[in-house]
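# Fold the following.
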Amino acid sequence: MLSHPKVALRSSVLGCEIIVTAANNLTSIQLGEALLGTLEALLATSLSGRVLPYRSEFHANIRPSDFIIGLPEHKVEHVAGIPALVIQHPASITHTTAEERNSFRERLLEIVVTTISQIAVIDKAESYFKKLAKEEAVFSRSLDIADITTCVNNILGDAPKLQMSEWRKDVRGEHFELRRSEPWDFGLKTEALGTKSKPTELRPGDGNPPLELASTDHLKHRDRQVVSLIDIPLWGQASWTATAYGYHPDPRQLPFIALGFQNEGAAKAIFNGLRFRLGKVDSEEFLRVSVITGIDKKHPSSYSVIISGNPNMSDKRSDNAHWIVTAQIHRMVPPGPENLDAFVAKWRQIGRYLILPAYFSSELEPPQLYFDHSIEKHEFHVRPAWQIGKNDPDICAIDLRDKPIIPAGIDNPPVIQALAWLRKKRKRNK
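Purely as a prediction, here's the structure:
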């Protein structure tokens, strides 16, 4: 370890990359290692469908504080709409007695649970953790494995030398100063990146998926990739309740799609986070916006709006990856298709549009539009429901109660097989 003020620790858990930035001191580093080690051990066998990650990455910052006494303290802070775990601790944390050790383990477990809640949703969480605690004794085992402080003290003593500067104090004789002004691999990484081919566009396959894709028995955490721009807790607070469209006769004015929320602050926070990641212009099309029409015969003008990440633009593509894509879906039941059709026509004419948040206080009040939080985009996906098959990512917009509109002359449309597969899957999961 060199003399940098901070140290970065990384681990892939459930396919989410956990990035811990710790102050370069022994206590902060050991606390970061204990956090990652406990997460890895606790969730080692949790790649099943009950635990679903919803973040691509999550940051934790660990630093000492003169105002903290005893055990570490933690909280989740939002910076530019992006949540991060902040852990502060005293200069040293003692584990000399059994009581001190148990207190630290309980606090570490609280921090771990907070972290899990920020990266994943768990089906029937209470029963799931009770099963782990009783049948697998996973909590005790995980905390034992992650007891970094005890391991370091037993092997390296009470005052281990972890920094180069600490070793140099005892060096006698001639010193050999570094003469190289560039990294040893300068130019190699750039050349490798420059020769990397662009990933092939993902397309839904036909038939049943291979058995290895349906099973998680041999899956490693690093083989799973989470494609997500959706902060599920924040979207839950925002309460997406409507979608509005707007356009101007002047072709220089971009048409827009406004997502209407009931919580003004959370809505702005969502788009602050998206702008932080994507910029004011989503030039790489990391955000995917889809509209599925003809979704229900009873309401011919109804459609679903899907907001998700774009797996085609992931920078972590792998041939054997297990993918999870998170999305938010809202069903619209307007009296007619005029508003959507006019927006689509304008978008096709100009080739660009804005997506932005809006505050909907009630159906009787006009929405408040926040153009200062907008994002410019090019791609917009609009397609009829009958074209969606069981392997199509837009299947998330189909409900088992739906009866999609099927044009005359279309025999055995993909959506019929998709609905049959959904019914079979739901029956199997009961």
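# going forward, measure contacts between C-alpha atoms and count neighbours the same way
Will do.
# any idea whether the nearest residue to Q237 once chain neighbours are set aside is helix, strand or coil?
Distance criterion CA to CA, 6 or more residues apart in numbering; nearest residue to Q237, sequence neighbours excluded, is A266 at 6.2 Å. At A266 the chain is in helix, as set by DSSP: H, G, I helix; E, B strand; the rest coil.
# R10 now?
Under three-state DSSP, R10 comes out as strand.
# Which pLDDT value does the model give it?
Looking at R10, its pLDDT is 95.
# And it, how far from I29?
Remark: distance between R10 and I29 (CA to CA, to the nearest Å) = 12 Å.
# Could you check which of the two is surrounded by more residues?
I29 (23 against 14; other CA atoms under 10 Å).
# tell me the contacts of the more buried one?
Listed by CA atoms under 8 Å, 6 or more residues apart in numbering, the contact set of I29 reads V7, A22, A23.
# again, only using 6 Å
Neighbouring residues of I29 by CA atoms under 6 Å, 6 or more residues apart in numbering: A22.
# Which of the three states applies to it?
Strictly by three-state DSSP, I29 counts as helix.
# roughly how far apart are the residue lying farthest from the centre of the chain and I270?
Most distant from the centre of the chain: G173, at 52.1 Å, with distances by CA atoms, centre = their mean. Going from G173 to I270 by CA to CA gives 59 Å.
# L71: neighbouring residues, count only.
Neighbour number of L71 under other CA under 10 Å is 19.
# quick one: average pLDDT of the helix or strand harbouring F129?
In the assignment (DSSP states H and E), F129 maps to helix 125-135. On average, the pLDDT along helix 125-135 is 70.
# for stretch 98-107, same thing?
pLDDT averaged over stretch 98-107 gives 86.
# How much space separates the residue nearest the centre of the chain from D144?
Nearest to the geometric centre of the chain sits R55, at 1.4 Å (CA atoms, centre = their mean). Distance of R55 to D144, given as CA to CA: 27 Å.
# for P335, same thing?
For P335, the distance to D144 - CA to CA - is 61 Å.
# Residues touching the lengthiest helix in the chain, excluding its own?
Using DSSP state H, we find that the single longest helix of the chain is helix 98-119. Identification of contacts with helix 98-119 by CA under 6 Å, 6+ apart yields P53, Y54, R55, H95.
# Please list all residues in contact with the last one.
By CA under 6 Å, 6+ apart, H95 lies in contact with R101.
# same question, the second one
The contact partners of Y54, taken as CA under 6 Å, 6+ apart, are I119, A120.
# Next, count neighbours for S301.
Neighbours of S301 (other CA under 10 Å): 18.
# before we move on, what about K169?
Neighbour tally, K169, other CA under 10 Å: 8.
# now G187
G187, neighbours per other CA under 10 Å, totals 10.
# Angles on the backbone of it, please.
The phi/psi pair for G187 (degrees, to the nearest 10) reads phi 90, psi -30.
# S140 versus that one, what's the distance?
Noted for G187: a distance of 47 Å to S140, by CA to CA.
# ditto for E182
Taken as CA to CA, the span from E182 to S140 is 46 Å.
# In terms of packing, which of these two has more residues around it?
The neighbour count for E182 versus S140, taken as other CA under 10 Å, is higher for S140 (13 against 8).
# Below-threshold pLDDT in the stretch 101-250 of the chain: ranges please.
132-139, 141, 143, 145-146, 162-163, 189-201, 212-217 (pLDDT under 70).
# Would you map the strands across it?
With DSSP state E, counting those that start in this stretch as the criterion, the stretch 101-250 of the chain has strands at 120-122, 224-227, 240-246.
# Leaving out the residues flanking it, which one is nearest to Y303?
T293 (4.5 Å).
# Just give me the neighbour total for that neighbour.
T293 has 23 neighbours, counted by other CA under 10 Å.
# Please apply the same query to E17.
The number of residues near E17, taken as other CA under 10 Å, comes to 20.
# thinking it is in contact with H59, fair?
No - with contact defined as CA atoms under 6 Å, E17 does not reach H59; the gap is 8.5 Å.
# Over to R383: give its phi and psi.
Torsion angles, degrees, to the nearest 10, at R383: phi -160, psi 150.
# What does the pLDDT read for it?
95.
# Name whatever forms a beta bridge with it.
I292 (DSSP bridges).
# what separates it from W421, distance-wise?
For R383, the distance to W421 - CA to CA - is 21 Å.
# In contact with the residue nearest to Y303: list those residues for me.
Contacts of T293 by CA under 6 Å, 6+ apart are Y303, P384, A385.
# Doesn't Q349 lie inside a helix?
Yes - assignment of Q349 by three-state DSSP places it within a helix.
# would you list every one of the helices in the stretch 201-350 of the chain?
211-214, 232-238, 264-278, 338-350 (DSSP state H, counting those that start in this stretch).
# Would you format these as JSON lines with distance to R63 and mean neighbour count included?
Shown next, in JSON lines, are the helices of the stretch 201-350 of the chain (distance: least, CA to CA, whole Å; neighbours: other CA atoms under 10 Å):
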{"stretch": "helix 211-214", "distance to R63": "41", "mean neighbour count": "10"}
{"stretch": "helix 232-238", "distance to R63": "26", "mean neighbour count": "17"}
{"stretch": "helix 264-278", "distance to R63": "24", "mean neighbour count": "20"}
{"stretch": "helix 338-350", "distance to R63": "48", "mean neighbour count": "16"}
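# could those helices be laid out in TSV, adding distance to N102?
As requested, the helices of the stretch 201-350 of the chain are arranged in TSV below (distance: least, CA to CA, whole Å):
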stretch	distance to N102
helix 211-214	40
helix 232-238	31
helix 264-278	38
helix 338-350	59
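# among these, which is nearest P367?
Between P367 and the helices of the stretch 201-350 of the chain, the shortest separation by CA to CA is 10.8 Å, and it involves helix 264-278.
# And H381, how far from P5?
46 Å.
# ugh, wrong one, I meant G309
From G309 to P5 the distance is 34 Å (CA to CA).
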